[in-house]
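Engineer: Next come a sequence and a model predicted from it.
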Amino acid sequence: MGFNQYLSGLTELEMINRAPGYFKYFPHSVAAHSWKVTQVAQFLGDIEEQHGEEVNWKLLYEKALNHDINERFIGDIRTPVKYASSELRHMLADVEESLADNFIRVEIPEEYRDSYHRRLTEGKDDTLEGRILSVSDKIDLLYEAFGELQKGNPEPVFMEIYKESLETIYAFRDMKSTDYFIHEVLPEMLAEEFPGSERLQRIYIGIFNRGSNEK
């Protein structure tokens, strides 16, 4: 027993494409997504720290880098299937957790199992680091969808992903880092003009105006 299976299995994450089953101009692997989410989390963590929050950087990096590592066991489930119901999401999460637990028990030396149980469990929680992860994941998803829409991808799923990502990001607007992204970064993205960009701007305005009216 050693780390050979764990390390060799990391290559699988390079081979698993995100949003499987849909035409994409820019295919993204789970491995690339994990790296990008870690970069976004680092950016958001810096902003939180600048505003006086205490960031547990070790925990943040672990959460971001490992948040989709269990997809090596079941792959990336198609988005409409994954979000069909809360029951299905919980079932998929339970399957991932069970497979991860079994993998740790069989392949990870006993003295390191606690560390890998921490790393291979759901990282999105109510801690600052968990909330940063939630936003970081959606920011990268937003950019993936925006890039496809910018190229004129006709797959409706990317418009759905774009809208859902914006809604989730806006739900975390109380965080200083999310507020910075909303007011300093997002307008620059949406200022880009291309066929169909007006529709993306209307969706953005509808979400943010709706949120303002709920106050």
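Structural biologist: Cool, the structure landed.
Engineer: C-alpha only now, for contacts and for neighbours.
Structural biologist: OK.
Engineer: Next, name the residue at the spatial heart of the protein.
Structural biologist: Most central in the chain under Cα atoms, centre = their mean is Asp137, positioned 2.1 Å from the mean C-alpha point.
Engineer: That one against Trp35, yeah?
Structural biologist: No. If you go by Cα atoms under 8 Å, Asp137 and Trp35 don't touch, sitting 10.6 Å apart.
Engineer: quick revisit: in which helix or strand does the residue nearest to the centre of the chain reside?
Structural biologist: Assessed by DSSP states H and E, Asp137 sits inside helix 128-150.
Engineer: Next SSE downstream of that helix?
Structural biologist: Later in the chain than helix 128-150, the nearest helix or strand by DSSP H and E is helix 156-171.
Engineer: in the protein, which spans are helices?
Structural biologist: Along the chain, the stretches classed as helices by DSSP state H are 4-15, 30-50, 57-66, 71-74, 79-82, 86-107, 113-119, 128-150, 156-171, 176-180, 186-190, 197-213.
Engineer: Please produce CSV containing the ones you listed, extended by distance to Tyr22.
Structural biologist: Formatted as CSV, the helices of the chain follow (distance: least, Cα to Cα, whole Å):
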stretch, distance to Tyr22
helix 4-15, 16
helix 30-50, 15
helix 57-66, 25
helix 71-74, 18
helix 79-82, 10
helix 86-107, 21
helix 113-119, 30
helix 128-150, 11
helix 156-171, 8
helix 176-180, 29
helix 186-190, 24
helix 197-213, 20
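Engineer: any idea which of those helices is most buried?
Structural biologist: Ranked by mean neighbour count, the helices of the chain are led by helix 128-150 with a mean of 22 (mean count of other Cα atoms under 10 Å).
Engineer: helices or strands up against it?
Structural biologist: Secondary-structure packing of helix 128-150 (3 or more Cα pairs under 8 Å, 6 or more residues apart in numbering; DSSP states H and E): helix 30-50, helix 57-66, helix 156-171.
Engineer: quick one: contacts of the last one?
Structural biologist: By Cα atoms under 8 Å, 6 or more residues apart in numbering, the list of residues contacting helix 156-171 from outside reads 79-80, 135, 138-139, 141-142, 145-146, 148-149, 178, 182, 203-204, 207-208, 211.
Engineer: just to revisit the earlier point, got CSV for the helices and strands packed on helix 128-150, with mean pLDDT and distance to Pro20 too?
Structural biologist: Putting the helices and strands packed on helix 128-150 into CSV (pLDDT from 0 to 100; distance: least, Cα to Cα, whole Å) gives the following:
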stretch, mean pLDDT, distance to Pro20
helix 30-50, 97, 11
helix 57-66, 96, 20
helix 156-171, 95, 11
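Engineer: okay if I get those helices as TSV plus distance to Gly9?
Structural biologist: Formatted as TSV, the helices and strands packed on helix 128-150 follow (distance: least, Cα to Cα, whole Å):
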stretch	distance to Gly9
helix 30-50	11
helix 57-66	13
helix 156-171	28
